[in-house]
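Colleague: here is a sequence together with a model predicted from it:
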Amino acid sequence: MVAVSMADGWARATGQPQAVIVHVDVGTQAIGQAMHNANTGRVFILIFSGLCPFTEDGELEGSRTEYQHWLQDIPDHHAIR
């Protein structure tokens with residue numbers, strides 16, 4: 001939420017679009033209020049959110065290797081809006 005709030009303030013002060021990168025699941029859900037504030041101010045913010053690795057057997061660089069990768073995976077990431 002802090003990053004989106006900062007981007008909102010900077011966009012309002014400068015009139016320039018901003019970009020923010022948030023965490024996989026919890027970060028995406030936590031920015032709801034800040035997105036509302038940015039929308040109310042009619043500022044342009046690009047929000048990027050990552051996804052957990054989707055390969056499990058090490059066939060690609062960045063495969064799931066930690067228990068945490070399974071905990072952070074959500075069924076429908078795109079449904080969080």
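Modeller: Happy to help now that I have it.

Colleague: tell me the buried residues in stretch 11-23?
Modeller: Buried residues in stretch 11-23, defined by neighbour count with 16 or more other Cβ atoms under 10 Å: 11, 18, 20, 22. The way it works is simple: take the backbone N, C-alpha and C, and place the C-beta from them, glycine included.

Colleague: whoops, I mixed them up, stretch 58-68
Modeller: For stretch 58-68, the neighbour count (16+ other Cβ under 10 Å) marks Arg64 as buried.

Colleague: may I have it as CSV, with CA atoms only?
Modeller: Output of stretch 58-68 as CSV, limited to C-alpha atoms (Å, rounded to 0.1, in the frame of the first residue of the first chain):
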residue,chain,number,x,y,z
GLY,A,58,13.9,-27.7,-12.1
GLU,A,59,13.4,-27.8,-15.9
LEU,A,60,13.5,-24.0,-16.1
GLU,A,61,15.5,-21.5,-14.2
GLY,A,62,13.4,-20.1,-11.3
SER,A,63,11.4,-23.4,-10.6
ARG,A,64,9.7,-23.9,-7.4
THR,A,65,12.3,-24.9,-4.8
GLU,A,66,10.9,-23.6,-1.5
TYR,A,67,7.9,-24.7,0.5
GLN,A,68,6.8,-21.0,0.4
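
Colleague: that older thread, and the buried residues of stretch 11-23, which is the shakiest by pLDDT?
Modeller: Sorting these by pLDDT puts Val22 at the bottom of the list (87).

Colleague: ok, back up a step: just the ones of the buried residues of stretch 11-23 in helices?
Modeller: If you go by DSSP state H, the buried residues of stretch 11-23 have Ala11 in helices.

Colleague: among the buried residues of stretch 11-23, name the ones in strands.
Modeller: Those of the buried residues of stretch 11-23 mapping onto strands are 18, 20, 22, per DSSP state E.

Colleague: could the residues you listed be laid out in JSON lines, adding distance to Leu46?
Modeller: Converted to JSON lines, those look like this (distance: Cβ to Cβ, whole Å):
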{"residue": "Gln18", "distance to Leu46": "7"}
{"residue": "Val20", "distance to Leu46": "7"}
{"residue": "Val22", "distance to Leu46": "11"}
